[in-house]
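Peer 1: With the sequence up front, the predicted model follows.
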Amino acid sequence: LLNKNKNIKNLKANIPNILTISRLFLTFPLIIFLEINKPNYVFALIILGGITDYFDGYFARKLNLKTKFGAIIDPLTDKIFLLIPLLWLCKIDLIPFWSLAIILFRELIISVLRTTMKDGLPASQLGKYKTSFFFIALVIFFQPFSKDLLSIFGMIFYWLGFILTLITFIDYLRVKKDMI
C-alpha cells in the first residue's frame, strides 16, 4: 500500500511534465498533417497542443510542481510546437522568411540561456503573451472556416507575437547581461 501511494504521488508530481512531453510528441503528426495538407487535422492538433499547454502550467502552479526540467522543457516544447506550423506558413509564403528567421534566432538564444539558469529562466508574462499571440494566429490560419477576413486577424496576431519576440528578447538579454 505504501509503494502504491508513492507511485500515485510520483504520477501526480509528473502530470505537468507528462502533458508537456505528450505535446512534444504531437509535433510528429503535426509535421505529417502539414506535409500531406490536412489543415483540419493541423487545426485539431494545435487546439490539443494549446489545451495541454494550459493544463501543464495549471497543474504545475496549482499543485506546486514547478521543476527546473519543466521550466526548460515546457517553453522548448512550445517553441517546437509553434515553430513547425510557422515554418510551413513561411513555406507557402504567408509569412516572410526574415521575420521567422528573427523569431528562430531569438528562440534558440533564449533556450540556451534557460539551460544556464538555476530555475530554468521561467517565461516572463510578456513571453507568455507572445506565445499566446502566435497560438491564436495559428488557430486562425488553420481554422476550417472562411479564411478571407480571419486571415487578416491571423496576420495581426502574428505581428503582435513578432513584436513581443523582439521586446522579450531584449528583456531576457538584460536579465542575462552578466553572462554575455
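Peer 2: Ah, there it is. Since the model is a prediction, treat every value here as computed from it, not as a measurement. Numbering: from 1, shown residues only.
Peer 1: Now tell me what touches the helix or strand Y54 falls within from outside.
Peer 2: Here Y54, judged by DSSP states H and E, is contained in helix 39-62. Residues outside helix 39-62 that contact it (Cβ atoms under 8 Å, 6 or more residues apart in numbering): 15-17, 19-20, 22-23, 26, 29-30, 33-34, 65-67, 70, 74, 77-78, 81, 85, 131, 135, 138-139, 142-144. Placement of C-beta: from N, CA and C, glycine included.
Peer 1: ok, 7 Å please
Peer 2: 15-16, 19-20, 22-23, 26, 29-30, 33-34, 65-66, 70, 74, 78, 81, 85, 135, 138-139, 142-144 (Cβ atoms under 7 Å, 6 or more residues apart in numbering).
Peer 1: for that helix, which positions count as buried?
Peer 2: Using 16 or more other Cβ atoms under 10 Å as the test for burial, helix 39-62 gives 39, 41-46, 49-50, 52-53, 55-57, 59-60.
Peer 1: Distance of F145 relative to I46?
Peer 2: 14 Å (Cβ to Cβ, to the nearest Å).
Peer 1: Over to K130?
Peer 2: 16 Å.
Peer 1: Can you list the residue ranges for helices in this structure?
Peer 2: With helices called from DSSP state H, the chain shows them at 2-25, 27-35, 39-62, 68-91, 97-116, 125-142, 148-175.
Peer 1: Lowest average confidence across these, which one?
Peer 2: Sorting the helices of the chain by mean pLDDT places helix 2-25 lowest, at a mean of 73.
Peer 1: With adjacent residues omitted, what lies nearest to the residue nearest in space to the middle of the chain?
Peer 2: For the chain, D78 is the residue whose C-alpha lies nearest the centre (Cα atoms, centre = their mean; 1.9 Å). Excluding its sequence neighbours, the residue lying closest to D78 (Cβ to Cβ, 6 or more residues apart in numbering) is T131, at 5.4 Å.
Peer 1: What lies in contact with stretch 151-164?
Peer 2: Contacting residues not belonging to stretch 151-164 are listed as I95, S99, I103, L126, Y129, K130, F133, F134, I136, A137, I140, F141 [Cβ under 7 Å, 6+ apart].
Peer 1: need the contact list for the first one.
Peer 2: Yep, that's I95 we're talking about. I95 neighbours (Cβ under 7 Å, 6+ apart): L86, L89, Y158.
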